[in-house]
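Enquirer: Give me a model of this one.
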Amino acid sequence: MEILVSGSIAYDRIMDFSGKFSEHIVIDKIDNLNVSFMVNGLKENFGGTAGNISYCLSLLGEKPRTLATIGHDHHRYIQWFTQNQLSTENIRIIEDEATASAYITTDTSDNQITVFNPGAMKYQSAFDFSQIDPSQSIAIVAPGNLADMMEFPEIHQKQGIFTIFDPGQSLPAWQKAELTECISQSNILISNNYELAMIQERTSLSVNELLEKVEIIITTKGEEGCEIQTKSGTNLIPAIYTDNAIDPTGAGDAFRGGLIKGLLNNLPVERAAMMGTVCSHYVVQTLGTQEYRFTQQEFKETLDQHFGS
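Expert: Numbering: from 1, shown residues only. Next up is the predicted model:
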């Protein structure tokens, strides 16, 4: 089976500030802000929705096609993909742009200031769908280039490709008609709790009305696990308690990787969501979205321990 992972590839540049932002901001001057912070250092991690999901799938023994763009500073990321036996064939290099980058600074109170440069993500991936057999394919459309996100669900529907639609952090850029159409062209709608509320607001549709347009709605809820809704009812998959969790960043993308692996194996969506939950359990124990590792045997043992075999 072919796995098509469309979304973003980005460098996450993480900085920590040893003070509190609030001590450097004069509230009365908030409309005329001119502030600088001295940070303790900068750590660069590999990130982006497509990169994170593809990385997780590689740990699960899969070789997805990553449909994304990357900039002239691509060498480290391409090397990282190659090191993890991931194909870079469908990653389009935009030589005139830098790779999309998030600059994230966190203070001692866990407040964050993030600046995002879309860079190469402004360009479409230009994937040629004639390369694949649609009947042997599964796809996820994750946040990335907006034109790709709007076009791919229609292409998938016409070709009969099973599709997971994940609008996520791109939601503020969507209009009602386009968002509703892409949902209706997909098999699964996945989001977190906040994003689902935003989807309902943007589309003016209730969950029951959304289920008239899409077969399955999966909502991740952090420590509360995830909810799977269909016309037949609702199932709750509990989270795995992780006493050494240090960073939730990337948990959603890891969940999607495990979910896809389960669906690829023709497992019920509930079991696939359990697999996604196990992947999330691993990523929250590390700083960075592609810093975690597990063997397939470790994955199976964790899955069986928490959800049965």
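
Enquirer: Averaged pLDDT, stretch 7-26. What do you get?
Expert: In this model, stretch 7-26 has an average pLDDT of 90.

Enquirer: how about that stretch: buried residues?
Expert: Of all the residues in stretch 7-26, those buried under the rule 16 or more other Cβ atoms under 10 Å are Gly7, Ser8, Ile9, Ala10, Tyr11, Asp12, Arg13, Ile14, Met15, Phe17, Phe21. In short, each C-beta sits where N, CA and C put it, glycine included.

Enquirer: Ends of stretch 282-300, what's the gap?
Expert: Using Cα to Cα, to the nearest Å, the end-to-end distance of stretch 282-300 comes to 13 Å.

Enquirer: for stretch 103-110, that is, sorry about that
Expert: Start-to-end, stretch 103-110 (Cα to Cα) is 15 Å.

Enquirer: ok now that stretch, how far from the chain's centre?
Expert: 21 Å (Cα atoms, centre = their mean, to the nearest Å).

Enquirer: next one: stretch 252-262
Expert: Put simply, stretch 252-262 sits 9 Å off its chain's centre (Cα atoms, centre = their mean).

Enquirer: follow-up on the earlier one: export the buried residues of stretch 7-26 to JSON lines and append columns for distance to Asn187 and secondary structure.
Expert: What follows is the buried residues of stretch 7-26, written out as JSON lines (distance: Cβ to Cβ, whole Å; DSSP: H, G, I helix; E, B strand; the rest coil):
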{"residue": "Gly7", "distance to Asn187": "17", "secondary structure": "coil"}
{"residue": "Ser8", "distance to Asn187": "22", "secondary structure": "coil"}
{"residue": "Ile9", "distance to Asn187": "25", "secondary structure": "coil"}
{"residue": "Ala10", "distance to Asn187": "27", "secondary structure": "strand"}
{"residue": "Tyr11", "distance to Asn187": "32", "secondary structure": "strand"}
{"residue": "Asp12", "distance to Asn187": "30", "secondary structure": "strand"}
{"residue": "Arg13", "distance to Asn187": "35", "secondary structure": "strand"}
{"residue": "Ile14", "distance to Asn187": "35", "secondary structure": "strand"}
{"residue": "Met15", "distance to Asn187": "39", "secondary structure": "strand"}
{"residue": "Phe17", "distance to Asn187": "43", "secondary structure": "coil"}
{"residue": "Phe21", "distance to Asn187": "42", "secondary structure": "helix"}
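
Enquirer: Kindly reformat the residues you listed as CSV containing distance to Ile240.
Expert: Converted to CSV, the buried residues of stretch 7-26 look like this (distance: Cβ to Cβ, whole Å):
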residue, distance to Ile240
Gly7, 25
Ser8, 27
Ile9, 28
Ala10, 27
Tyr11, 29
Asp12, 24
Arg13, 30
Ile14, 25
Met15, 30
Phe17, 32
Phe21, 33
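
Enquirer: Return the residues in contact with Ser186.
Expert: Going by Cβ atoms under 8 Å, 6 or more residues apart in numbering, Ser186 touches Val141, Pro153, His156, Gln157, Thr163, Ile164, Phe165, Val214.
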